[in-house]
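Undergrad: Give me a 3D structure for the following:
(chains A and B)
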Amino acid sequence: MSHGDDDHGTGNFSLVGKRVPRKEDIRLTQGRGQYFADLKMPDALHIVFVRSSRAHAEIVSIDTEAAKAAPGVVAVFTGDDIKDRITPLPHPIVVPNLPGKFPKHWPLAVGRVKFNGEPVAVVLATDRYLAEDAAELVEVEYSDLPYVGSPEAAMAPGAPVIHQDLDNNEIFSMSFTGGGTAEGAAANEAEISAILEGAPVIVDEKFQVHRTGITPLETRGAAAWWNEDDGLTCWITTQRPHIDRLALAEVLGLSTSMVRVMAPRDQGGGFGNKAPFYRESILIPWLAMTLKRPVRWLESREESLMVIGQERDQRIHITMGTTEEGRILGMRVRIVADNGDGCQGVYWGFVMPVLGAATFCSGYDIAKADIRLACYVTNKPSLAPSRSFGSYSPRFAMERMMDLVAARVGRSPLDIRRLNLVKSFPYTTATGSYLDSGDYVKCFNTLVDTMDPKAFRERQAELRKQGRFIGLGFSTGTEISGIASKVFVQLENQPGYGSATVRIDARGRVQVLEGDAPQGTSHETTFSQVAAEVLGIQFDDVVVQTGDTQNTPFASGSLGARGGSYTVSAVYNACRSLRFKMARIFIHDRRINARPEDIEFEGGFVFPSLDRENKMGFAELADRIIMKPIDLPEGEQAGLEATDYFEAPTSMFYFGAHSCIVEVFPKTGQFKIQRYVTCEDAGTVINPLIVEGQVQGGVIQGLSNAMFEQYLYDDQGQQMTTTLEGYRMAQAPDMPHVEVTHSYTPCPGTPLGSRGLGEGVPGPVPGALVNAVCDALSPFGIKINDLPLRPDRIWHMLGGPDGIREPEGRGMAGG
Amino acid sequence: MSIQPITFETTVNGETVEVTVPPRLLLVDLLRDRLGLTGTHVGCTFEAVCGACTVHLDGVAVKSCSVLAAQAAGRQVVSIEGLASKENPHPLQSAFQQTHALQCGYCTPGIIMSMAEFLRENPDPNEEEIRFALAGNICRCTGYSHIVEAVQIAARELRGKTQEKRA
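TA: I've put the predicted structure just below:
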């Protein structure tokens, strides 16, 4: 089969590759979604947390008497009440295979509070309004400790040590180059120093990205009930119900057979935020067990903004040595992350920057690098996963570096990228990332052609004469497309395979069971497309059910763009295996001389490809195998059910390039994005409509993080952005239309040739945006290496209150 | 300290109901918790920014997290469940599916209610007008492009229907 760019490798398919409208949308547009908050739990007690009003303090006393006496209140618990009844984290199931430290903690603060918003007590009442009233009556007396609000403060000599069970505030430190031993890292460091000393050009730059992330519109929730015979049943807003189940059993000391976790069918966005094993997810099931009553907690937006969704927050120092032409010879990178308290199962704050460091080189061919990361505990909530997992800041730094190198050697940023992008595959980066396949330069050039830089430069020159300043910026990024077990076991002690069970019933209807839990990621539609395609039946005859640990195969969770790479491949393989079984029995029954591959499945019928009239209905054949299991071929069993655990032979990466045109208004520092275009290589696109949506959403999230969103703390560690008024997310009038274009190369590692896409889309965004703004302002010689990018900062850089500087006659040569 | 509940009648999705509720109960909680209409969602802590709870009160789009249930006494409330029927969806509902204008769908009912009112006021909006009309609703997933497209398609269809009626 030829793989033309037009059909993205799907020319022979009837459903795969088509813009199929989603089956999820009928219920979701009509108000029949079943999100966590919509689930009915008669007689459930409502839970409200009392959260720390201090960033760092000893808890002197907690008076719960008035709260306990308040109307409707059934119970109040504090850290002291639970610390001998729940074992603290860390537990092995939620500890990654990384050389970090894992601070001991309970679901409620014990002894000290370590950030503003940490849970201190919990109130259970018959009504949510009454629980909130009672929570106000809990009196906590604190004795303040010095606030440690930055990595610099945390590493300073004599800094207060936040976790008493750790020696100091450094929670993680590692070299990602040099082979994993101290001697190897030292030798590598010396080698890179020598390369840099001998390099004709050195570019040395520091970057900083603020604390922000992709908080979903639906907050978290957990509900649980206890039954003496069946144990715990829990609803949790989660991306990984099977991991939550194992973790809950381990922490609560229950047999796994006594724990069932269900992710609600509909979840209002996750973006990584619903992947950790949070303290609340431990406490709520424990309360159900202890009180023997159903309990329910729904997080408020204020709580959400105080305690989760905070990522990025890295300082990055890059020293790059290049040739006179800008070819990279070697690179030293020092990353420091503001880890927050780190008390969060699975990720502990530092797993995100770890992955960012491990994929730091992205799609660039950098033969020699010395990359180190250090993470420091501070009095803020733990970093929590957000889309572009640890890589948003590294991508920004690398993409700014490309433009800064270009300016330094006097070449266009386009040429510098073309010169340094990886060109031959497979390719192993300096940190050991295995880039499996693709054509990065082709993808980048496709985007460049769309943007027509020559025409742009003419327009730019023309407008500058009129005192108007437009700019063009580019960026690129790779993204892990699912994580192979080989990598994932090392990173998080979890398997990377994608799994699915496919069942065909006696009426020819198909059920796909998935252990992961989608959160708006269109699994029902894409998996139905693939199952219907393979089995030759109607899209509507397939039902996809997800997220219930009682009936789905084990899976590590909906994360890392696994859906379109790993899980969909498991669906495909399971359907293929059932198709072959049906074909074998069909051949046997019809006594024809054919191989299973010669039997076609199409339009609800099964027939030999060379004898289309000799057909049988798909449902009829299913009924024969399930309901009439007599005279089966030798060795064949009845029934039509298959489970597949898909593992790719190598890790797989997706590549994307972004470009942005802005106009900047120097008098105010304001800027307007005139155009935003991406070019993606996602391999075989299963549903272009969905891929387009994933890219557009990811770009706007990236812009929103870069331009608006920022978690702010005052000098005492009070979180000042606890409403959506203070924590500003992008709204429609703020944002441009995002044009999505494609450059297709098949992915050899998956049966359909598809790559997973979506998770990493925000990563390249700030690079394209800031490069465009700096290009627009090149007559002013502006260099922006910090985020967020706000008009007031641009205005200050241009002279601000002292008056806007005059632009130079001509700017730096652009691409 | 206990405040007496109040009793009043209100019409929700065409049906008049008598309810007895605490005076401080929010309209969104009346709809969701007392009447079981869970298509109306909550995405902020009642700061009225996210717009997921948008319903119509006497035909005007309001954020039901910022209205007391008691303020609906004697008035007409329409929520996403009452906008159209499953068999005959509102053109906005069909267009949202057709253009993939939703991913997680959490914001969608609020946006559809908000846009249904907007299109009554402005039946032929351009992209900029649609984007400004969407300022009261946050969508975290889609990046808004497909939503704008859906509203344009629905506007065309609604204009066609209006012309049919006149003809």
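Undergrad: out of everything not next to it in sequence, what's closest to the most centrally placed residue in chain B?
TA: Most central in chain B under C-alpha atoms, centre = their mean is B:M113, positioned 2.8 Å from the mean C-alpha point. Distance criterion C-beta to C-beta, 6 or more residues apart in numbering or on different chains; nearest residue to B:M113, sequence neighbours excluded, is B:T54 at 4.4 Å. Every C-beta, even on glycine, is put in place using the N, C-alpha and C of the backbone.
Undergrad: if I look at A:Q696, how far off is A:M707?
TA: To A:M707, A:Q696 is 16 Å away according to C-beta to C-beta, to the nearest Å.
Undergrad: For the two, indicate the residue with more neighbours.
TA: Shown here are A:Q696 and A:M707; by other C-beta atoms under 10 Å in any protein chain shown, A:Q696 has more neighbours (27 against 22).
Undergrad: Now name the helix or strand holding that one.
TA: helix A:688-707 (DSSP states H and E).
Undergrad: Tell me which other helices or strands that helix touches.
TA: Counting by 3 or more C-beta pairs under 8 Å, 6 or more residues apart in numbering or on different chains; DSSP states H and E, the packing neighbours recorded for helix A:688-707 are strand A:670-681, strand A:738-742, helix A:765-776, helix B:145-166.
Undergrad: Among the ones you listed, show me which one is buried the most.
TA: Each of the helices and strands packed on helix A:688-707 was scored by mean neighbour count; the highest is helix A:765-776, a mean of 29, by mean count of other C-beta atoms under 10 Å in any protein chain shown.
Undergrad: Contacts for the helix or strand following it, please.
TA: Heading C-terminal from helix A:765-776, the first helix or strand you meet, by DSSP H and E, is helix A:791-797. Where contact means C-beta atoms under 8 Å, 6 or more residues apart in numbering or on different chains, the residues beyond helix A:791-797 that reach it are A:664, A:666, A:668-671, A:773, A:777, A:780, A:782, A:784, A:786, A:804.
Undergrad: Need the buried ones from the residues you listed selected in PyMOL.
TA: Typed into PyMOL, the line below selects the buried ones among those, using 16 or more other C-beta atoms under 10 Å in any protein chain shown:
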select buried, chain A and resi 664+666+669+671+773+777+780+782+784
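Undergrad: State the pair within the contacts of helix A:791-797 that is farthest apart.
TA: A:D786 and A:I804 (20.5 Å; C-beta to C-beta).
Undergrad: The residue in chain B positioned nearest to chain A: what's it in contact with?
TA: Nearest to chain A in chain B, going by C-beta to the nearest C-beta, is B:G39, at a distance of 2.0 Å. When contacts are counted by C-beta under 8 Å, 6+ apart, B:G39 is found next to A:30-33, B:79-81, B:109.
Undergrad: Could you tell me which of those residues belong to helices?
TA: Among the contacts of B:G39, the residues falling in helices (DSSP state H) are B:80-81, B:109.
Undergrad: Excluding chain neighbours, give the residue nearest to A:D516 in space.
TA: Leaving out its chain neighbours, A:D516 is closest to A:S558 (C-beta to C-beta, 6+ apart), at 4.1 Å.
Undergrad: my guess is A:A358 contacts A:Y434, does it?
TA: No: using C-beta atoms under 8 Å, A:A358 makes no contact with A:Y434, being 11.4 Å away.
Undergrad: Between these two, tell me which one has more neighbours.
TA: A:A358 (22 against 16).
Undergrad: residues touching the more buried one, list them.
TA: A:176, A:431-433.
Undergrad: when you check chain A, which of the ones in helices among the contacts of B:G39 turn up near it?
TA: Residues of the ones in helices among the contacts of B:G39 in contact with chain A (C-beta under 8 Å from any C-beta of the partner chain): B:80-81, B:109.
Undergrad: Who does the helix or strand encompassing A:Y142 pair with, and is each partner parallel or antiparallel?
TA: Here A:Y142, judged by DSSP H and E, is contained in strand A:139-144. Here strand A:139-144 is paired, per DSSP bridges, with strand A:57-63 (antiparallel).
Undergrad: Not counting the strand it pairs with itself, show me its contacts.
TA: A:78-80, A:109, A:111-113, A:120-121, A:138-145.
Undergrad: ok, 7 Å please
TA: Applying C-beta atoms under 7 Å, 6 or more residues apart in numbering or on different chains, the external contacts of strand A:57-63 come out as A:78, A:109, A:111-113, A:120-121, A:138-145.
Undergrad: any low-confidence regions in the chain?
TA: Chain wasn't specified; assuming chain A. A:1-11, A:809-815 (pLDDT under 70).
Undergrad: my question was about chain B
TA: Low-confidence segments of chain B (pLDDT under 70): B:1-2, B:167.
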